[in-house]
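J.: what follows is a predicted structure for the sequence shown.
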Amino acid sequence: MAVRIGYASGVYDLFHIGHLNLLRHARSRCDYLIAGVASPEMSERLKGTTPVVPLAERLEIVRSIRYVDDVVVDEHVNKADTWAEVGFNVFFKGDDWRGTEKGERLERDMARINVEVVYLPYTATTSSTMLRRALTALEGRRAGNAVLNA
C-alpha cells in the first residue's frame, strides 16, 4: 500500500478552530501531513490581505500542532509548482472550494500530476475574515471612546 502524503495549505492567520479542524481531518486521511503556510506575498495575491500574524509565528504555531508532520512556506499560486518542490499525493482543501471555478482548476491541475484532491468540512462558525472584522470593529470602538474621553 502506498504511503499517503498529504498537503494542506492555508494562511493560518489568527489561528482558530477551523484551522485545527482542517489539519485534524487531513491527518486522519493520510500517513504524513505537510502544512503549507502562505507567505505574506502569497496571501496578498490570493486573498488581497496581509496576515496579521507574522510568517515566522504562523510557521511556529502550525509546526506545534500534533497533527502536522512538516511545515513549509507556501509561495506558489499553482499548487503543481508546490508539488514539484514538496512532493505529496493528496491535497486537502475546505469544501467551500468544491464546485467553484478555483476548485475545479485545482482538481484539473492535481489530476495532471496524479494527486488526489480531498475536500474536508469547512468550519463556517469561525474564520480569519470574521476575526479580522471583529478586531477592526473593536479598534473603531476604542478610537471612538478615546475621542469621547479626550
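T.: Ah, there it is. All values reported here derive from a predicted model rather than from experimental measurement.

J.: residue 11 versus the residue lying closest to residue 123 once chain neighbours are set aside, what's the distance?
T.: Take residue 123 and drop its neighbours on the chain: the residue closest to it by CB to CB, 6 or more residues apart in numbering is residue 18, 3.5 Å away. Heads up, the C-betas are built off the backbone N, CA and C, glycines and all. According to CB to CB, to the nearest Å, residue 18 and residue 11 sit 11 Å apart.

J.: now residue 121
T.: 19 Å.

J.: comparing the two, which residue is more hemmed in?
T.: residue 11 (25 against 12; other CB atoms under 10 Å).

J.: please name the bridge partners of residue 37.
T.: residue 10, residue 73 (DSSP bridges).

J.: list the buried residues of the strand or helix carrying residue 107.
T.: In the assignment (DSSP states H and E), residue 107 maps to helix 101-112. By neighbour count on 16 or more other CB atoms under 10 Å, the buried set for helix 101-112 is 103, 106, 107, 109, 110.

J.: how far out from the middle of the chain is it?
T.: Centroid separation for helix 101-112 versus its chain: 17 Å, with CA atoms, centre = their mean, to the nearest Å.

J.: which neighbouring elements make contact with that helix?
T.: helix 79-86, strand 90-94, strand 116-120 (3 or more CB pairs under 8 Å, 6 or more residues apart in numbering; DSSP states H and E).

J.: thinking again about what came up before, let me know the pLDDT of the residue nearest to residue 123.
T.: Looking at residue 18, its pLDDT stands at 90.

J.: contacts for the helix holding residue 107 next, please.
T.: Helix 101-112 is contacted by residues 78, 79, 80, 83, 91, 93, 97, 116, 117, 119 when judged by CB atoms under 8 Å, 6 or more residues apart in numbering.

J.: now these in CSV, with pLDDT, distance to residue 72 and neighbour count?
T.: Converted to CSV, these look like this (pLDDT from 0 to 100; distance: CB to CB, whole Å; neighbours: other CB atoms under 10 Å):
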residue, pLDDT, distance to residue 72, neighbour count
78, 91, 15, 11
79, 94, 12, 23
80, 95, 15, 15
83, 97, 12, 20
91, 98, 14, 25
93, 94, 16, 24
97, 90, 20, 18
116, 97, 19, 16
117, 97, 19, 19
119, 97, 22, 17
